[in-house]
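K.L.:
Structure, please.
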Amino acid sequence: MQDKKLMVLFICTANMCRSQMAEGWANYLKGDRICAFSAGIVPGYSVSRSTVEVMRAAGVDISCHYTKSVDDLPEVEFDYVITLSEEAKQYCPKFGPNTKILHIPVEDPSTAMCTAGQARQAFMQTSEQIRAVVEAMPESLLNT
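P.N.:
Modelled structure (predicted):
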């Protein structure tokens, strides 16, 4: 077992939902082995209220999170960068030679055309999908 935590950056389009969920889940579930960050290609104004509410209901408080660009991050040498949207995959900036970039596509629940109840369900499903990805870490990352 390694002593150093893996430095992982999750990127989505606006850093309002998917990457925020991933950062929250990774630090909550795997904080002893992973140090997670999140960012957006074109950051939105704030983290989606539905994202914060769904994560809080799951026991993860991300109410202090805020949206940020990759350029806003501290100078960190990431072990892994995981893009969660097609835009993030397409416009992912260059990282150091030792950084592995993976793409795990996750649909943006905020774009679902549905009723309020269906929207909440979409956010819950996205949260659970991302939780399942994070639960498999870091082993799933080390095998890439």
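
K.L.:
In three-state terms, label the residue nearest the centre of the chain for me.
P.N.:
Taking Cα atoms, centre = their mean as the criterion, residue 19 is the residue nearest the geometric centre of the chain, at 2.4 Å. The three-state label given to residue 19 by DSSP: H, G, I helix; E, B strand; the rest coil is helix.

K.L.:
Does it touch residue 41 like I think?
P.N.:
No. Using Cβ atoms under 8 Å, residue 19 is not in contact with residue 41; the gap is 9.9 Å. C-betas here are computed from N, CA, C, even on glycine.

K.L.:
where do the contact lists of the two overlap?
P.N.:
Jointly contacting residue 19 and residue 41 under the rule Cβ atoms under 8 Å, 6 or more residues apart in numbering are 11-12, 88.

K.L.:
Would you tell me which one of those residues comes nearest to residue 111?
P.N.:
Residue 111 has its nearest neighbour among the shared contacts of residue 19 and residue 41 in residue 12, at 11.7 Å by Cβ to Cβ.

K.L.:
Can you give the distance of the longest helix seen in the chain from its chain's centre?
P.N.:
Secondary structure of the chain per DSSP state H: the longest helix is helix 116-135. Between the centre of helix 116-135 and the centre of its chain there are 12 Å (Cα atoms, centre = their mean, to the nearest Å).

K.L.:
Report all helices and strands that it contacts.
P.N.:
When contacts are defined as 3 or more Cβ pairs under 8 Å, 6 or more residues apart in numbering; DSSP states H and E, helix 116-135 sits against helix 18-30, helix 49-57.

K.L.:
nearest to residue 107, of those helices?
P.N.:
helix 18-30 (8.4 Å).

K.L.:
what does that closest one contact?
P.N.:
Contacts of helix 18-30 with the rest of the structure, by Cβ under 8 Å, 6+ apart, involve 8, 10-12, 34-40, 47-48, 51, 54-55, 59-60, 62, 65, 67, 82, 84-85, 88, 106, 108, 126-127, 130-131, 133-135, 137-138.
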